[in-house]
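*Asks:* Build me a model:
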Amino acid sequence: MADGHDSGRGGHPAEPDPLERYFRPRPGAHAAPGDDGDAGIEGVTIDGMPAPRVPVDGPRGPRRPGRGLSPRAAMSARRQKRFLTLTGTMSVFVLLTSGGAWAFQNYVTGMIDKVSVNGLGKGKDAPKGAMTILVAGVDRREGLTKAQQKEAKLGHFEGERSDTMLLVHVSRDHDSVSVVSLPRDSYVTIPAHKSNGSEGAKGARVPSRPGKLTWAYQFGGPDLAVGTIKQATGVSIDHYVEVNFFGFVHMVDALGGVDVCTEQAVDDPKSGLRLPAGKSHVDGLKALSFARARYTLTGGSDLGRIDRQQQFMAAMLKQALSTKTLGDPVKSTKFLNAALKSLRVDGKLADNLPKLADQMKGLSTDDLTFATVPLSNPDYNAVLWNASTTQSTVQWDEHKARDLFTRIRRDKPLAEHTAKPSATPSEKPEDELTVPPDDISVRVLNAIGTRGLATKAGGQLRDLGFKVTVVPGVARHGLRTTQVQYGPGREDSAKTLAAAIPGAKLKKVPSLGSRVQVMVGGDWDGVKKVKVASSASPAASPGIKTGTATSKLCA
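*Replies:* Predicted coordinates:
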């Protein structure tokens with residue numbers, strides 16, 4: 001009591017009770033003998049007569065508790081705290097799974113580290129439509145203790161290197177993902193750039209010259225890495241993601257580890273990896289060693305390491321999408337935080353990441369396809385500018401690699417797809433189109449004499465996706481009806497072309513060989529879009545080895 005008012009729990013005076021005046025001791029009153037517990041307090045008087053005192057006993061205790069809590073009250077408080085903690089964690093999980101919620105978007109964009117990268121695509125339709133993302137696994141050690149670096153055998157090289165390069169292509173409908181691993185020692189041409197101090201004076205102009213792919217990041221960071229890969233693959237890169245060693249370890253630990261498999265026991269002193277044959281459950285540091293091990297595994301081949309990296313990514317995806325993770329709000333939140341802290345992404349992707357994650361939340365390991373750039377020589381000895389002796393590099397198979405990257409540019413699946421057989425086999429309809437426009441090269445010739453008509457027609461066909469070459473001059477005069485002419489074996493391509501030109505007639509001309517051409521006649525009236533049967537998509541080149549994430553999981 002202080003001036004007739006109760007004290008609150010924190011020692012602060014409580015608000016006066018309007019009825020309290022009826023229960024306050026009157027000045028000068030004296031306690032009745034024997035009333036030690038209520039000394040100095042007198043009861044209420046009515047018409048001058050004191051009201052009888054009534055002792056109150058009950059389980060609730062005093063009306064206003066003191067500073068201390070009874071064991072029962074303390075237990076109740078602990079239960080409330082656990083409930084609030086669980087509720088808060090569940091709220092984070094709900095935001096994670098809702099994806100598009102504004103609060104989750106603010107949380108993600110606030111947590112993630114952004115990096116400015118030159119040379120990326122405009123991404124005007126983001127986060128919709130097909131997109132290609134360059135993912136770089138970077139040899140950056142901040143966040144790891146010296147003990148962890150020693151245990152992981154990370155070495156003490158100065159500067160930063162990209163240990164892993166991946167081209168990740170998200171399909172137009174965001175229902176599948178293709179991942180192409182680019183060997184770090186790939187023999188590529190590094191474009192001209194300004195030195196960052198690793199190749200002479202900082203800021204000096206460095207000419208274009210051949211080198212290893214991993215050097216691009218070392219000598220010029222994300223900008224030079226993006227420029228080098230765009231030049232080597234011909235693929236436009238829309239976004240950039242960077243994962244560092246520190247984040248890699250903590251993402252795995254947040255999941256409680258992952259399962260990996262080896263055909264034989266592993267003892268790799270270079271990476272510190274020691275595993276028995278068969279399946280092993282590994283933590284973050286062992287997972288890092290598994291993904292980086294090279295010299296005592298698969299003969300030191302970079303391709304063997306790529307295969308293990310793909311196996312590991314499949315295992316981590318499975319674990320992240322499992323009910324054990326998604327159904328555990330604490331684990332899923334820890335994984336989200338670890339992932340966000342481990343990444344650096346371009347600003348555009350950071351803004352669109354929550355929406356993109358929401359659109360892709362139905363993906364499974366069956367929807368993720370891995371591939372590696374086809375090689376002509378996995379041990380190509382090249383003389384490079386920084387050494388007088390030859391260095392071992394990896395040389396791509398030019399033809400097969402071009403086929404692989406063309407499929408990415410055209411948003412086509414990397415794996416071979418075959419049509420499902422029908423219950424009652426029947427011949428395909430004669431009017432069914434099987435070759436898409438972007439797989440057809442066509443020559444366009446003026447066969448009526450109207451000035452500029454062939455150029456106009458070629459432009460319209462090009463807009464539909466056909467690869468057009470306009471032949472200059474006038475091929476002939478007076479052709480009234482436009483003709484689609486084709487050589488032996490090109491009938492399917494000619495059918496697609498004719499379907500795009502209303503009123504055009506098909507004509508087989510053996511002397512054309514493998515060519516297809518349009519003789520533009522007097523009835524030319526524009527073009528129309530064509531629909532090609534989806535079951536007849538071209539098969540992947542035999543030189544492109546692919547496998548789904550499911551196929552790379554431990555049996």
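*Asks:* and L273, what is it in contact with?
*Replies:* V266, D267, K286, S289, F290, A293 (C-beta atoms under 8 Å, 6 or more residues apart in numbering). The way it works is simple: take the backbone N, C-alpha and C, and place the C-beta from them, glycine included.
*Asks:* now Q231
*Replies:* V188, T189, P191.
*Asks:* any idea which element the first one lies in?
*Replies:* So the one you mean is V188. strand 187-190 (DSSP states H and E).
*Asks:* Who wins on neighbours among the contacts of L273?
*Replies:* Ranked by the number of neighbours (other C-beta atoms under 10 Å), the contacts of L273 place F290 first, at 26 neighbours.
*Asks:* how close does it sit to F405?
*Replies:* F290 is 29 Å from F405, where distance means C-beta to C-beta, to the nearest Å.
*Asks:* sorry, back to before: ranking the contacts of Q231 by neighbours, who comes first?
*Replies:* Ranking those using other C-beta under 10 Å puts V188 first, with 23 neighbours.
*Asks:* Which residue lies closest in space to that one, excluding its sequence neighbours?
*Replies:* A232 (4.6 Å; C-beta to C-beta, 6 or more residues apart in numbering).
*Asks:* can you check G211 too?
*Replies:* G211's closest residue in space is I190 (C-beta to C-beta, 6+ apart), at 4.8 Å.
*Asks:* A225 is in contact with that neighbour, correct?
*Replies:* No: the criterion here is C-beta atoms under 8 Å, and I190 misses it with A225 at 9.6 Å.
*Asks:* list the residues that contact both of the two?
*Replies:* Joint contacts of I190 and A225 (C-beta under 8 Å, 6+ apart) are A216.
*Asks:* Looking at the two, which has the bigger crowd around it?
*Replies:* Legend: neighbour count by other C-beta under 10 Å for I190 and A225, higher for A225 (28 against 25).
*Asks:* returning to what we had before: for G137, see how far away the residue nearest to G211 is.
*Replies:* 19 Å.
*Asks:* One more: K318?
*Replies:* K318 is 19 Å from G137, by C-beta to C-beta.
*Asks:* Now do the phi/psi pair for L349.
*Replies:* For L349, the backbone dihedrals (degrees, to the nearest 10) come out as phi -70, psi -40.
*Asks:* just for the stretch 451-555 of the chain, where's the confidence low?
*Replies:* Within the stretch 451-555 of the chain, the stretches with pLDDT under 70 are 534-543, 555.
*Asks:* what about 90?
*Replies:* 465, 467, 469, 471-473, 475-478, 487-493, 509-515, 531-555 (pLDDT under 90).
*Asks:* hey, where'd the strands end up in it?
*Replies:* Counting by DSSP state E, counting those that start in this stretch, the stretch 451-555 of the chain has strands at residues 467-474, 483-486, 505-508, 516-520, 546-548.
*Asks:* And the residue nearest to G211, how far from S208?
*Replies:* For I190 relative to S208 (C-beta to C-beta), the value is 7 Å.
*Asks:* Ok, S514 next?
*Replies:* On the measure of C-beta to C-beta, S514 and S208 end up 36 Å apart.
*Asks:* same question, E242
*Replies:* 24 Å.
*Asks:* which stretches of the stretch 451-555 of the chain form helices?
*Replies:* For the stretch 451-555 of the chain, helices defined by DSSP state H, counting those that start in this stretch occupy the ranges 453-463, 491-499.
*Asks:* As TSV, these with mean neighbour count and distance to I306 would be great.
*Replies:* Listed next are those as TSV, based on neighbours: other C-beta atoms under 10 Å; distance: least, C-beta to C-beta, whole Å:
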stretch	mean neighbour count	distance to I306
helix 453-463	18	38
helix 491-499	21	36
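*Asks:* CSV for those, including distance to R443?
*Replies:* Converted to CSV, these look like this (distance: least, C-beta to C-beta, whole Å):
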stretch, distance to R443
helix 453-463, 9
helix 491-499, 11
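*Asks:* Which among the ones you listed is found nearest to L479?
*Replies:* helix 453-463 (10.9 Å; C-beta to C-beta).
*Asks:* and that closest one, what other elements does it pack with?
*Replies:* strand 441-446, strand 467-474, strand 516-520 (3 or more C-beta pairs under 8 Å, 6 or more residues apart in numbering; DSSP states H and E).
*Asks:* who's in contact with the second one?
*Replies:* Under the criterion C-beta under 8 Å, 6+ apart, residues 438, 440-447, 449, 454-455, 458-459, 461-462, 517 lie in contact with strand 467-474.
*Asks:* Convert the C-alpha atoms of that strand to PDB, please.
*Replies:* Extracted C-alpha coordinates of strand 467-474, given in PDB (Å, rounded to 0.1, in the frame of the first residue of the first chain):
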ATOM      1  CA  LYS A 467      14.000 -19.300 -89.400                       C
ATOM      2  CA  VAL A 468      13.700 -17.200 -92.500                       C
ATOM      3  CA  THR A 469      16.100 -16.300 -95.300                       C
ATOM      4  CA  VAL A 470      14.800 -13.900 -97.900                       C
ATOM      5  CA  VAL A 471      16.300 -14.500-101.400                       C
ATOM      6  CA  PRO A 472      16.900 -11.200-103.100                       C
ATOM      7  CA  GLY A 473      15.400 -10.500-106.500                       C
ATOM      8  CA  VAL A 474      12.500 -12.000-108.300                       C
END
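*Asks:* Next, the buried residues of that strand.
*Replies:* V468, V470 (16 or more other C-beta atoms under 10 Å).
*Asks:* Parallel or antiparallel, list what pairs with it.
*Replies:* Paired strands of strand 467-474, with direction, are strand 441-446 (parallel) (DSSP bridges).
*Asks:* what comes up buried for the partner strand?
*Replies:* Result for strand 441-446 [16+ other C-beta under 10 Å]: buried residues V442, R443, V444, L445, N446.
*Asks:* quick check, nearest of those to V532?
*Replies:* For these, the nearest to V532 is V442 (15.4 Å; C-beta to C-beta).
*Asks:* In this protein, mark out all the helices, start to finish.
*Replies:* Along the chain, counting by DSSP state H, helices occupy 71-98, 102-111, 146-151, 213-233, 245-254, 284-292, 302-321, 323-326, 329-342, 347-359, 398-409, 453-463, 491-499.
*Asks:* do you know which of those lies nearest V170?
*Replies:* helix 347-359 (7.9 Å).
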